[in-house]
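Novice: With the sequence up front, the predicted model follows.
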Amino acid sequence: MNARATLLDLRRVSQVYWSGGRSFTAIQNIDLHLEEGEFLALLGPSGCGKSTLLRIITGLQAPTSGRVLYRGEPLTGVNPHATIVFQTFALFPWLTVLENVEVALKARGVPAKLRASRALDLLDRVGLDGFETAYPRELSGGMRQKVGFARAMAVEPELLCLDEPFSALDVLSAESLRGELLELWTGGNIPTRAILLVTHNIEEAVLLADRIVVMDKDPGRVITDFRVDYPQPRQRKDPRFLDLVDRVYMILAGHTQPEHLELGTAPGEPGRTRALPHINIDDLAGLMEHLDAMPGNRADIYALARELTMSSDHLLQLIEAAEILGFATVAQGDITLTGLGETFAEASIPARKEIFATRLRRVPIVRWLLSLLQAADRRQLEWDVVQKALELEFHEEEAERQLETVISWGRYAEMLTYDDSREIIYLEPGAAVSAPR
């Protein structure tokens, strides 16, 4: 096979944000290249910096350090050879379908007499012929996203970037649109030299991409990069597909670390403050019950995702919570209930709350908040005060999410209450802090 030209080359790219006088690393030392003819998927959990990396690649933001080369030349400003399709449809509601596509051509200086014919051609290619005069409100979610694809392709980008473009769609619409995109790409019916897909959906990446780059978080970094070495079209029941998806689940799930590493440290202490997964306790309890009914209290994580019809990202966050709380362990792509997890799954509601509260007191970020509340006047603190303190450990958005999670978990454990109208967090009577054993 002849060598293909390299379109994109990232060399030790990092992005650091500053908040409250502290730095937070979103992505660290990313090396990545993309050649003509490749369909590359950037795959990883929420918060690993995939979208940040995409903005850097398209020139919407400059990295803190490292080099971004496009066709061997340093990228400065917005990349004129790339365009993005976002997960939200981002259409102008006051414009028709045809006008929404034409607006991209107008921005590129295409003469008015050529805009309509090119836009009509693209709408025909994505299956929207006949809807030219419709407004976005008249279209289904899948059809609105097709308009987004047509608008992105109207400017004939060399590099088409897709930022989780199917995640806002229902299952059937997403599956249909994936198939149609693949048909356009493999059939050479779109004027694009390469596609870069950002996703947290493992099956989606394996179905579509020629190559998969897997990222992890804290900080965002590449942990593996491999080719999908069998041809399109791919079938979900193909053993090669199943084996590869299982392999990726194994990579992302990792294996359970010793407790002190799983828990991390409290804010203000040396070491890494562990970010809690933003999950619902009822979902976690449901997962524990499901595992409790499995032979040996054990399940293959990929098989579990299919059985529960749950997104890979959601399942991996639930598993992360189970590991933190000591309810389950992970190894070789399998999850196994611990004795404590089995007890939790089989316990009554009051007993579950007691078990959960006992384990929650061992989580450093929770222990830290309980200590602050115990020392505070009337055992209460304003939300903003706690969030500002957390912003010394996390960037602003993540600090807010962490506080939401701690309060939600603390409420379930009957350790915390929260008055939303006054934005005050209270320590429940009897929820004293004790040192972890």
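Specialist: Structure's in. What do you need?

Novice: Look up the closest residue to Met153, ignoring the ones flanking it.
Specialist: Nearest residue to Met153, sequence neighbours excluded (Cβ to Cβ, 6 or more residues apart in numbering): Ile190, at 5.3 Å. To be clear about C-beta, it is placed using only N, CA and C from the backbone, and glycine gets the same treatment.

Novice: so the one you found is in which element?
Specialist: Using DSSP states H and E, Ile190 maps to neither a helix nor a strand.

Novice: Roughly how far does it sit from Glu99?
Specialist: Going from Ile190 to Glu99 by Cβ to Cβ, to the nearest Å gives 21 Å.

Novice: who are the neighbours in contact with the residue nearest to Met153?
Specialist: Arg125, Met153, Leu160, Leu184 (Cβ atoms under 8 Å, 6 or more residues apart in numbering).

Novice: can you tell me which two in the residues you listed are farthest apart?
Specialist: Arg125 and Leu160 (13.4 Å; Cβ to Cβ).

Novice: which parts of stretch 167-179 are buried?
Specialist: Of all the residues in stretch 167-179, those buried under the rule 16 or more other Cβ atoms under 10 Å are Ser167, Ala168, Leu169, Ser173, Ala174, Ser176, Leu177, Arg178.

Novice: Keeping just the C-alphas, turn it into PDB.
Specialist: Listed next in PDB are the C-alpha coordinates belonging to stretch 167-179 (Å, rounded to 0.1, in the frame of the first residue of the first chain):
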ATOM      1  CA  SER A 167     -25.400  11.100  21.500                       C
ATOM      2  CA  ALA A 168     -28.400  13.500  21.500                       C
ATOM      3  CA  LEU A 169     -30.400  11.100  19.200                       C
ATOM      4  CA  ASP A 170     -32.600   8.200  20.200                       C
ATOM      5  CA  VAL A 171     -31.200   4.700  19.600                       C
ATOM      6  CA  LEU A 172     -32.800   4.000  16.300                       C
ATOM      7  CA  SER A 173     -32.100   7.400  14.800                       C
ATOM      8  CA  ALA A 174     -28.500   7.200  15.900                       C
ATOM      9  CA  GLU A 175     -28.000   3.800  14.400                       C
ATOM     10  CA  SER A 176     -29.600   4.900  11.100                       C
ATOM     11  CA  LEU A 177     -27.400   8.000  10.900                       C
ATOM     12  CA  ARG A 178     -24.200   6.100  11.600                       C
ATOM     13  CA  GLY A 179     -25.000   3.700   8.800                       C
END
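
Novice: Off-centre distance for that stretch?
Specialist: Its chain's C-alpha centre and that of stretch 167-179 lie 17 Å apart, by Cα atoms, centre = their mean, to the nearest Å.

Novice: List of residues touching it?
Specialist: Contacts for stretch 167-179 (Cβ under 8 Å, 6+ apart): 87-89, 140-142, 145-146, 165-166, 199-201, 204, 207-208.

Novice: Thr273 contacts Ile365, correct?
Specialist: Yes. Counting by Cβ atoms under 8 Å, Ile365 is a contact partner of Thr273 at 6.1 Å.

Novice: Could you check how far the closest residue to Phe166 other than its chain neighbours is from Thr199?
Specialist: Once flanking residues are discounted, Phe166 sits nearest to Ala174: 3.9 Å by Cβ to Cβ, 6+ apart. Applying Cβ to Cβ, the value for Ala174 to Thr199 is 11 Å.

Novice: between those two, what contacts are shared?
Specialist: Phe166, Ser167.

Novice: if we can go back for a sec, from the buried residues of stretch 167-179, which single one is nearest Asn280?
Specialist: Nearest member of the buried residues of stretch 167-179 to Asn280, counting by Cβ to Cβ, is Ser167, at 18.7 Å.

Novice: Can you verify the closest one is assigned to a strand?
Specialist: No. With DSSP: H, G, I helix; E, B strand; the rest coil as the criterion, Ser167 is coil rather than part of a strand.

Novice: what's the distance between the most centrally placed residue in the chain and Val198?
Specialist: Taking Cα atoms, centre = their mean, the centroid of the chain lies closest to Ser46, which sits 2.7 Å from it. Distance, Ser46 to Val198, by Cβ to Cβ: 11 Å.

Novice: check contacts around the residue nearest to the centre of the chain.
Specialist: His200, Asp313, Gln317.

Novice: Also Gly47?
Specialist: Taking Cβ under 8 Å, 6+ apart as the test, what Gly47 contacts is Lys217, Asp218, Gly220, Ala275, Glu398.

Novice: Hmm, the first one is touching Thr52, no?
Specialist: No. With contacts counted by Cβ under 8 Å, Lys217 stays clear of Thr52, the gap being 11.2 Å.
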